[in-house]
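Enquirer: Predicted coordinates and the sequence they were generated for:
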Amino acid sequence: MGNGDIRVRGIAARAGGWSARHRWAAVGIWVLFVVLAMGLGSAAGRVDVNESDQLKGETHTAAKIIEDSGIKEPSSESVLIQAKDGNVTSTDAEFRGAVAAVVEAVGATGKVTDVTSPYDTKTISKDGRSALVQFDMRGDSETAGDRVAPVLNAVKGVQKEHTGLRIEEIGGASMQKTFDDAFGDDFQKAELSAVPVALGILLIAFGALVAALLPVALAVTAIVATMGLMGIVSHLQPMSDTANSVMLLVGLAVGVDYCLFYLRREREEREAGRDAQTALRIAAATSGRAIVVSGVTVCVAMAGMLFTGLAEFEAMGLASLMVVAVAMVGSVTVLPALLSLLGERVEKGRIPFLHPDKRGTGGRRGNGRPGQEGSRFWGAVLRVVLARPGISLVVAAGVLLAIASPALGMKTQQLTLDKEFGDSLPIVGTYNRVNDAFPGGSEPAEVVVKAHDIDAADVRSALDGFRTRAISSGASRGPVDIKVHAAQNVAFVYVPLVGGSDQDKAEKSLELLRDTVRPATLGKVDGVQAPITGQVAGSHDFNDQLVGSVTPVFAFVVVFAFLLMLLSFRSLTIAITSIVLNLLSVAAAYGILVAVFQHGWGASLVGAEGVGAIVTWLPLFLFVILFGLSMDYHVFVVSRIREARLRGRDTKDAIRHGVVTTAGVVTSAAVIMVAVFAIFGTLSMQSMKQMGVGLAAAVLIDATIIRGVLLPAVMALLGERNWYLPKWLNRLPDLTHDESPGAALPPARQDERAGV
């Protein structure tokens, strides 16, 4: 590899050049695209994921039977009446009076139906100290939380009259209202605060208001356009609120990053004494190319979620893929046009003491005199790493492997209410008390029985046999309730599972129902379907499906990322080391998650609790997101190293130049990502804390240990072998060499290198 003019080619260079020459057209097309996408999306409306499409297997079959039958299951509620000491039991007059008062009070609200007394349904605990009054909310179960307030107030009124007893309500509607009141604004606040945080960090990074606003403007318009596209696409692939939140998170991260990469390079070239047109052309050919390579790699990683077969994951993957693609296109089209329009005005709104001119940082100035090349801090780190690359590699890799080691014992499960929210809500205490008195009663398994004739003698006999055997087998302690919908030939059987809120024990009870009780009863009647669903079953089926999708998702993401790196850098070595370093970064993030949230080491430092498990969906989600986002930094740094190598620097000097000159932008981008992800780590839900902490920790590790130590150490040890490509691979498409002739500079003088 050597010097010489390299012809300008590649989509990024051509797009940037066209946009700079036709700047008003480029800006107009972008604005028109954003407006049209948002308008068409609003007109089309968004189709959200149906419950029946959430999972495959029995949970899906049960939801489909309910949906096809047209039965609208009401939201069920229970009121726990419990003695505060052992002196009062269900046979005492005071206890009976409280039960009667609850039945009368909730019925008088007019908001409920099918109110039942524990003395009729036998929902009295074995010790006689606890009983459940059960009823259903009128109307749609999805909006029951909006109508439950009068019922809650009625129960509180009874509590005031019977202070010697504990009288508390729990159920789908009351939990929905409690969560909406406590955490309904959490996500909105987190999403709204992410933009000001990113803007504040950009102000520090650029020291100028206009330069800081550009990345935020690009990210926000990309997000707005994607919201519209989600509405259109949702008619083919249903979307969800979760997908929307993930899209915003990813869109803000990559949108700001891509613009930051481009803007920093353009500014750097102008500081080196180039005119605005040349600086923009070089930025388009170099940083623009890195953005395209990175964007395509991130899109491939996000596409991995489509292989899970889980509707929620498919929605998140497609939404994230779209926002990355939109941000990437915007970065290489409208951004060069805006920079061309603004010219020197991009430095408007300079902030005292923050602008690089005031801080005395940066590379060559407009006078062309050599100055400090890149970051002083990373220059000092690089001197140590490149002087002892072998030791640096062993130490850094050892540290990361030690951090990753707890991941070997990772345990995943859907978090139950008490684990998700701890003791931050009073209703969690009620949930625990109900489960202690009636194991599994707050979240029973639900058997959805479909028959040709639900009233047939053999079906009725099988239902009774199932109820009896569910208890005698040890899967449930009862009571097992059966609700028959004769018109639809469907019956619902509610089975409290032994194990209650202990997920592992409850899953064993579920397996007993599915593998032993059902085949011996309902399974013997021809034409009967009896899938078992419910919270425990849903968690079990979700886990099984997710585990089954891990291999194809990992294989797809790793193989395609490898091929993209191979084509982009035409180096087998670069492609292999890229994959290995990214996997090491993800493994370290897993180790931190397990240490903090499973074992509880340092959990209090992030306002969390050791809940004994990682939420089921997070490991695969983190792998896809992190593998994609970490390519941002990797492609950017390696592209700069390769560019320096093409200019004639030796490998070690090219590594030094590439790392220290990109350190500022990588640090700024990483700080923004860490800050945005950390916001989600402040939410009250443990699953959101896990996601925020995992993402923030991984990005921090990736931008420091991986890119600042491991990458240069590995490349220094490999030397010229970094650029190795077997002859039989020479026929691969050549996607390299987007650098413009104007970018070519003589090799750095010795005195410049000494200043690093």
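Expert: Done, it's in.
Enquirer: just so I have it, where are all the helices in the stretch 1-150 of the chain?
Expert: For the stretch 1-150 of the chain, helices defined by DSSP state H, counting those that start in this stretch occupy the ranges 11-21, 23-44, 51-54, 57-69, 93-108, 118-121, 149-161.
Enquirer: Revised request: answer the last question for the stretch 251-400 of the chain.
Expert: Counting by DSSP H, counting those that start in this stretch, one finds helices in the stretch 251-400 of the chain at the ranges 276-285, 287-303, 311-332, 334-342, 356-359, 376-387, 389-404.
Enquirer: Go through these and name the closest to N489.
Expert: Checking the helices of the stretch 251-400 of the chain against N489 by CB to CB gives helix 311-332 as the closest, at 27.7 Å. For every residue, glycine as well, the C-beta is placed using N, CA and C.
Enquirer: got the angle for that closest one vs helix 334-342?
Expert: Going by axes from the mean of the first three to the mean of the last three CA atoms, to 10 degrees, helix 311-332 is angled at 30 degrees with respect to helix 334-342.
Enquirer: Helix 311-332 - what's its average pLDDT?
Expert: Averaged over helix 311-332, pLDDT sits at 91.
Enquirer: Which elements pack onto that helix?
Expert: Helices and strands touching helix 311-332, by 3 or more CB pairs under 8 Å, 6 or more residues apart in numbering; DSSP states H and E, are helix 11-21, helix 51-54, helix 209-233, helix 241-271, helix 287-303, helix 618-646.
Enquirer: Out of those helices, name the one with the poorest average pLDDT.
Expert: helix 51-54 (a mean of 63).
Enquirer: Could you list the low-pLDDT ranges of the protein?
Expert: Within the chain, the ranges that satisfy pLDDT under 70 run 1-10, 51-55, 182-189, 191, 353-375, 423, 441-442, 501, 734-756.
Enquirer: what about F492, is that helix, strand or coil?
Expert: Using DSSP: H, G, I helix; E, B strand; the rest coil, the secondary structure recorded for F492 is strand.
Enquirer: who touches the nearest residue to F554 once chain neighbours are set aside in this structure?
Expert: Spatially, and ignoring its direct neighbours in sequence, F554 is nearest to F623 (7.0 Å; CB to CB, 6 or more residues apart in numbering). Listed by CB atoms under 8 Å, 6 or more residues apart in numbering, the contact set of F623 reads V553, F554, V557, V586.
Enquirer: Distance to P426 and mean neighbour count for the helices of the stretch 251-400 of the chain - can I get that in JSON lines?
Expert: Listed next are the helices of the stretch 251-400 of the chain as JSON lines, based on distance: least, CB to CB, whole Å; neighbours: other CB atoms under 10 Å:
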{"stretch": "helix 276-285", "distance to P426": "57", "mean neighbour count": "24"}
{"stretch": "helix 287-303", "distance to P426": "40", "mean neighbour count": "26"}
{"stretch": "helix 311-332", "distance to P426": "29", "mean neighbour count": "25"}
{"stretch": "helix 334-342", "distance to P426": "51", "mean neighbour count": "23"}
{"stretch": "helix 356-359", "distance to P426": "52", "mean neighbour count": "14"}
{"stretch": "helix 376-387", "distance to P426": "49", "mean neighbour count": "17"}
{"stretch": "helix 389-404", "distance to P426": "38", "mean neighbour count": "16"}
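Enquirer: Just the contacts of F623: which are in helices?
Expert: Counting by DSSP state H, the members of the contacts of F623 that fall within helices are V553, F554, V557, V586.
Enquirer: Tell me the spacing between the first one and M685.
Expert: With distances defined as CB to CB, to the nearest Å, the gap from V553 to M685 amounts to 25 Å.
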